[in-house]
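[1] any chance you can model this:
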Amino acid sequence: MKKCTILAAFMAFFILSAKAQETPATANRNILHDYQLYQKLNRSVYDTNTKFHSSIRGFYADDPRLKSTYDSLMNYGTDSLNRRSWVHRKLFQEHLIEVKNEDYHIYADFLGDFQLGRDFKGDRTTWLNTRGFQVGGNVGEKFSFYLNGFENQGKFADYVNNYIVSNQVVPGQGYGKLATDKQDWSYVTALLSYTPNKYLNFALGYDKNFIGDGYRSVLLSDVSSNYTFFRLRASLGSLQYQTIYAYMLDPGAPKLTNDRRLGDRGKWMAAHYLDWNATKRLSVGFFQAVTWADAEVEGKRGFDFNYIHPFMFLRPVENTNTTSPDKMRLGINVKYEVLEKTAVYGQFMFDEFTAKEFFKGNGYWANKWAIQLGLRGSDLFNVTNLNYLAEFNTARPYTYAHFDRLSNYSNYNQPLAHPFGANFREFLGILNYSVKKFDFQGQGIYAAYGLDPAGSNFGKDIFKSYDTRSVQYGSHVGQGILTELYMLQGKVAYLLNPKYNLRLELGGVLRQEKNSLGSHGTAMVTFGLKTSFRNLYYDF
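    Modelled structure (predicted):
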């Protein structure tokens, strides 16, 4: 009873503080989550004069706090007097097909990604041949839609190709005709968004979600492939609440039948996140997620309606079943804008904790958590559009894992949080500069993690059952085969059409991974014609 009283008082405090603030309109035209594009919104997102829920992504193009900045980016270089030819406008200024009036707006484009590269250390020529399309728009002010699809063939650098062969997934994209050298796969994204009033937004999607202010997220990131979800966002003053119900696949899990009746094993996730802008500088977010298998040997379970309530803490529900196979994770996200255009941020993911063992300081395996700390800002050294980010991430061994891989924190053979899984620490920095139609970006990464010798489990691979662990006490980051990763990336892009990010791009990668067993290096240069806004992570 005492705990319930404290909780009620806590929630009342949040509601009263929310009512004290004006509730901005909840918009509905989603901005695809692309790091380079989002960097260009920094000055509006991290503005000490406004309260913006920067940790809940993607953002909305019709959010009044972003609309002016976003529209100026999408219309850069547009010939408002129509002095250019139709061909010139379609190639460099407009959507290929666009129909617009007071009631609706519909557009469509061809999307291509054609790239050629050379890995000099691996003595390997790489290439990418992607053909795709996008269709999007809105009907009135309350309903919007988006669809894209890609057909791809490619040949990757050795370290990416080895990952594809080992995990049977193209990072962040999915499955296809995956071979040992050349790959063939498809990829699709879809999102329907409906905003009945300024307080609520409903979305049905086959897409990704991201929670956090950093480049990575230890709570929920867009590293894995797309998945089906229903999402609710509710805004009230300085509060914004998001709940996600998702259905995912785990093709690596043992099949329940010898034929194709059940296909890949399915799993469910319910994830709730409450973000509170306590002041114009400080925001605090509370996260909880539970994952469970769609079916087991004992029978099909399906969606658990115990988790459908969007405004309750899930831990008591999960605990009511003393033999629950489900896995709960809790987290917190904090952001503080220390200076104009400069913010510090952090996350803490709490996977499992045994207080008795923790205070003994004996490295008990089940004390599992992940931490992120970062600093980001814009207009570095008073140079307009020079954005920066410095970030540290770490996760203890066995974090995100479970005794059953169907309830671990993953989707389609990839983690739902950090791409390294667990048992790692990482330092990264990113500089991004935009001037006129040129974009420059440089990135550096240092990481240390522990790989598994054959037949062992030191906690990096979240798909292994933690019941097979090789360590009981003395667990520490880097245990196993201590491996170091050094990686530098750079790219220069010239923007041809801002509407769908058509650009010429020259890139370079220097990568070295080494441990006691040897080292592997990559020195690669790429050049290509690229389109679309999407995050695809090959920095692992």
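[2] those helices in the stretch 101-250 of the chain, which residues are they?
    For the stretch 101-250 of the chain, helices defined by DSSP state H, counting those that start in this stretch occupy the ranges 158-167.
[3] now the strands for it?
    Assigned by DSSP state E, counting those that start in this stretch, the stretch 101-250 of the chain shows strands spanning 104-119, 124-139, 143-155, 176-178, 183-197, 200-207, 210-211, 227-236, 239-250.
[4] let's have those in JSON lines, adding mean pLDDT.
    Supplementary listing: the strands of the stretch 101-250 of the chain in JSON lines, determined by pLDDT from 0 to 100:
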{"stretch": "strand 104-119", "mean pLDDT": "96"}
{"stretch": "strand 124-139", "mean pLDDT": "96"}
{"stretch": "strand 143-155", "mean pLDDT": "96"}
{"stretch": "strand 176-178", "mean pLDDT": "92"}
{"stretch": "strand 183-197", "mean pLDDT": "95"}
{"stretch": "strand 200-207", "mean pLDDT": "96"}
{"stretch": "strand 210-211", "mean pLDDT": "98"}
{"stretch": "strand 227-236", "mean pLDDT": "95"}
{"stretch": "strand 239-250", "mean pLDDT": "95"}
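[5] turn those strands into a markdown table, including distance to F424 and mean neighbour count.
    C-betas here are computed from N, CA, C, even on glycine. Listed next are the strands of the stretch 101-250 of the chain as a markdown table, based on distance: least, Cβ to Cβ, whole Å; neighbours: other Cβ atoms under 10 Å:
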| stretch | distance to F424 | mean neighbour count |
| --- | --- | --- |
| strand 104-119 | 24 | 18 |
| strand 124-139 | 26 | 17 |
| strand 143-155 | 27 | 18 |
| strand 176-178 | 25 | 15 |
| strand 183-197 | 26 | 17 |
| strand 200-207 | 27 | 19 |
| strand 210-211 | 20 | 22 |
| strand 227-236 | 24 | 18 |
| strand 239-250 | 22 | 21 |
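[6] what's the closest of these to V170?
    Closest of those to V170 is strand 183-197, at 5.0 Å (criterion: Cβ to Cβ).
[7] relative to helix 158-167, how tilted is the closest one?
    Here the directions of strand 183-197 and helix 158-167 differ by 80 degrees (axes from the mean of the first three to the mean of the last three Cα atoms, to 10 degrees).
[8] closest to F92 out of the strands of the stretch 101-250 of the chain?
    Proximity to F92 (Cβ to Cβ) singles out strand 104-119 among those, at 12.7 Å.
[9] low-confidence stretches in the stretch 401-540 of the chain?
    Scanning the stretch 401-540 of the chain for pLDDT under 70 picks out no residues.
[10] show me where it has strands.
    Secondary structure of the stretch 401-540 of the chain (DSSP E, counting those that start in this stretch): strands at 410-411, 414-415, 424-435, 438-451, 481-497, 502-515, 518-530.
[11] just name the most buried of those.
    Across the strands of the stretch 401-540 of the chain, the average number of neighbours (mean count of other Cβ atoms under 10 Å) peaks for strand 410-411, which reaches a mean of 24.
[12] what's in contact with that strand?
    Strand 410-411 has contacts (Cβ atoms under 8 Å, 6 or more residues apart in numbering) with 224-225, 227, 246, 248-250, 267, 400, 416, 462-463.
[13] farthest pair in these?
    A246 and F463 (18.3 Å).
[14] turn the contacts of strand 410-411 into CSV, including distance to V525.
    Listed next are the contacts of strand 410-411 as CSV, based on distance: Cβ to Cβ, whole Å:
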residue, distance to V525
S224, 28
S225, 28
Y227, 34
A246, 38
M248, 36
L249, 35
D250, 36
K267, 40
Y400, 35
L416, 32
I462, 33
F463, 34
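[15] how near is R503 to K40?
    Distance, R503 to K40, using Cβ to Cβ, to the nearest Å: 13 Å.
[16] go ahead and confirm Q242 touches I56.
    Yes - between Q242 and I56 there is a contact under Cβ atoms under 8 Å: 5.5 Å.
[17] common neighbours of the two, please.
    211, 233, 273, 275.
[18] I'd like those laid out as a markdown table, including distance to L482.
    Below are these laid out as a markdown table (distance: Cβ to Cβ, whole Å):
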| residue | distance to L482 |
| --- | --- |
| I211 | 30 |
| R233 | 42 |
| Y273 | 35 |
| D275 | 37 |
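[19] so which of those residues is the closest to R301?
    Distance to R301 across the shared contacts of Q242 and I56 (Cβ to Cβ) is lowest for Y273, with 24.6 Å.
[20] and the gap between the closest one and I332?
    10 Å.
[21] now do V165
    Distance, V165 to I332, by Cβ to Cβ: 37 Å.
[22] and if you look at L249?
    Distance of L249 to I332, given as Cβ to Cβ: 29 Å.
[23] what of N49?
    Remark: distance between N49 and I332 (Cβ to Cβ) = 25 Å.
[24] any common contacting residues for Y273 and I332?
    Shared contacts of Y273 and I332 (Cβ under 8 Å, 6+ apart): 285-287.
[25] pull out the buried members of the residues you listed.
    For the shared contacts of Y273 and I332, a burial check counting by 16 or more other Cβ atoms under 10 Å picks out 285, 287.
[26] closest one to S456 out of the shared contacts of Y273 and I332, please.
    Here the nearest of the shared contacts of Y273 and I332 to S456, counting by Cβ to Cβ, is F287; it sits at 31.6 Å.
[27] run a quick neighbour tally on the closest residue to D213 other than its chain neighbours.
    Excluding the flanking residues, the one nearest D213 by Cβ to Cβ, 6 or more residues apart in numbering is Y345, at 3.9 Å. By other Cβ atoms under 10 Å, the residues close to Y345 number 23.
[28] same for the helix or strand hosting Y345, what does it pack against?
    Here Y345 sits within strand 342-352, counting by DSSP states H and E. Judged by 3 or more Cβ pairs under 8 Å, 6 or more residues apart in numbering; DSSP states H and E, the packing partners of strand 342-352 are strand 327-339, strand 368-377.
[29] now render those strands as JSON lines, adding mean pLDDT.
    What follows is the helices and strands packed on strand 342-352, written out as JSON lines (pLDDT from 0 to 100):
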{"stretch": "strand 327-339", "mean pLDDT": "93"}
{"stretch": "strand 368-377", "mean pLDDT": "97"}
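[30] any chance of those strands in TSV, with mean neighbour count too?
    Below are the helices and strands packed on strand 342-352 laid out as TSV (neighbours: other Cβ atoms under 10 Å):
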stretch	mean neighbour count
strand 327-339	20
strand 368-377	21
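[31] then A253 would be within a strand, right?
    No - the assignment for A253, made by DSSP: H, G, I helix; E, B strand; the rest coil, is coil rather than a strand.
[32] picking up where we left off before, is it possible to get JSON lines of the helices and strands packed on strand 342-352 that adds distance to K155?
    As requested, those are exported to JSON lines (distance: least, Cβ to Cβ, whole Å):
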{"stretch": "strand 327-339", "distance to K155": "37"}
{"stretch": "strand 368-377", "distance to K155": "34"}
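[33] which one of the ones you listed lies closest to P64?
    Of the helices and strands packed on strand 342-352, nearest to P64 by Cβ to Cβ is strand 327-339, at 19.4 Å.
[34] name every strand pairing with the closest one and say which way it goes.
    Using DSSP bridges, strand 327-339 pairs in its sheet with strand 282-293 (antiparallel), strand 342-352 (antiparallel).
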